[in-house]
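Asker: Here is my input; please provide its structure:
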Amino acid sequence: MALDRALAPPNPLYFRYSQIQAGNACLAHSHPWGQLSLISLGVMEIVVGEQRLLAPADYLIWVPAGLEHASYNQQALDYTSIYVSDTLARRLPDEPRLLELTPLLKALLADFCDRRIGHMGDDWDMRQAELLVEKLTHTRCQDSYLPMSQDKLLAPMLAALHSDPADPRTLAQWAGQLHSTERTLARRCVRELGMNFGQWRARLRLLKALAWLKGELPIQEIGWRLGYGSTSAFIAMFNRELGCSPQRYRQQLALPGS
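Answerer: Purely as a prediction, here's the structure:
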């Protein structure tokens, strides 16, 4: 954006803070520096070309310099944009990616954000910035929050779960139906999806919940449709993943600007 281009280059990071209303959309634009996007809760979506990056608050979204992208968020949230100097950006991926936040990364970011740091103010901040990026180079990196696969064993299983996220079948039961073994399916999940079967299904259910919460389905029924045995189990999952209850999420969707 034009305002970004008027800024002094990050030294080596620059933090910008804002509060975003529910239903906010940012049209296609680019930045002169690489950008890390951090949200306080909920889910943010960034589209780069044909790539759709969807991430909850436990991830940073990385977009390299000069790539045109658009963003959207359903929920009101605190948003932090972090511009990265060209020198440090060379240590991060060449393509847009989701970067998982470890406890140490969260602590480093929280310290900057609590002090409302913009440009780095002293040598300590600069060293902390370098440590932050160094740790990001070793964190889990993904191109999708919910990856898919064309693997001949996994594809039919994933498609079935998309159609019915409440499907209770275990990996062992899927293996029997697919004429395979549980061990083989487990290995392929990790290799093809970057996570185990339970983690993938939990992510699918979360994204389905977010879509249904935009409508009028009662929270109890959403939990039931997702296969949770009780509403409290569904609420506990939602709180764990997004840091708020389904009811609070729905209320924020209704805030002005949604």
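Asker: Confirm Leu99 sits in a strand?
Answerer: Yes: according to DSSP: H, G, I helix; E, B strand; the rest coil, Leu99 belongs to a strand.
Asker: How about the contacts made by it?
Answerer: Neighbouring residues of Leu99 by Cβ atoms under 8 Å, 6 or more residues apart in numbering: Leu36, Tyr59, Leu60, Ile61, Trp62, Leu92, Leu136, Thr139, Arg140, Cys141. Where C-beta positions appear, they are placed from N, C-alpha and C, glycine not excepted.
Asker: Take the residues you listed and keep only those in strands.
Answerer: Counted as lying in strands by DSSP state E, out of those, are Leu36, Tyr59, Leu60, Ile61, Trp62, Cys141.
Asker: Nearest to Phe112 among those?
Answerer: Among these, Leu36 lies closest to Phe112 (Cβ to Cβ), at 11.3 Å.
Asker: what about the closest one, neighbour count?
Answerer: 22 (other Cβ atoms under 10 Å).
Asker: does it really touch Pro64, like I thought?
Answerer: No: counting by Cβ atoms under 8 Å, Leu36 does not reach Pro64; the two are 10.7 Å apart.
Asker: Report how many residues lie close to the nearest residue to Leu38 once chain neighbours are set aside.
Answerer: Spatial nearest neighbour of Leu38, excluding adjacent residues (Cβ to Cβ, 6 or more residues apart in numbering): Thr80 at 4.2 Å. Applying other Cβ under 10 Å, we find 17 residues neighbouring Thr80.
Asker: Would you mind listing the residues in contact with Thr80?
Answerer: So Thr80 contacts Phe15, Arg16, Tyr17, Ser18, Ser37, Leu38, Ile39, Leu109, Cys113 (Cβ under 8 Å, 6+ apart).
Asker: Which other helices and strands does the helix or strand hosting the first one contact?
Answerer: Same thing as Phe15. Taking DSSP states H and E as the definition, Phe15 sits inside strand 13-20. Using 3 or more Cβ pairs under 8 Å, 6 or more residues apart in numbering; DSSP states H and E, the elements in contact with strand 13-20 are strand 77-84, helix 103-114, helix 123-136.
Asker: pLDDT averaged over the shortest one - what is it?
Answerer: Just to be clear, that refers to strand 77-84. Strand 77-84 carries an average pLDDT of 92.
Asker: got it, and stretch 14-21?
Answerer: For stretch 14-21, the per-residue pLDDT averages 90.
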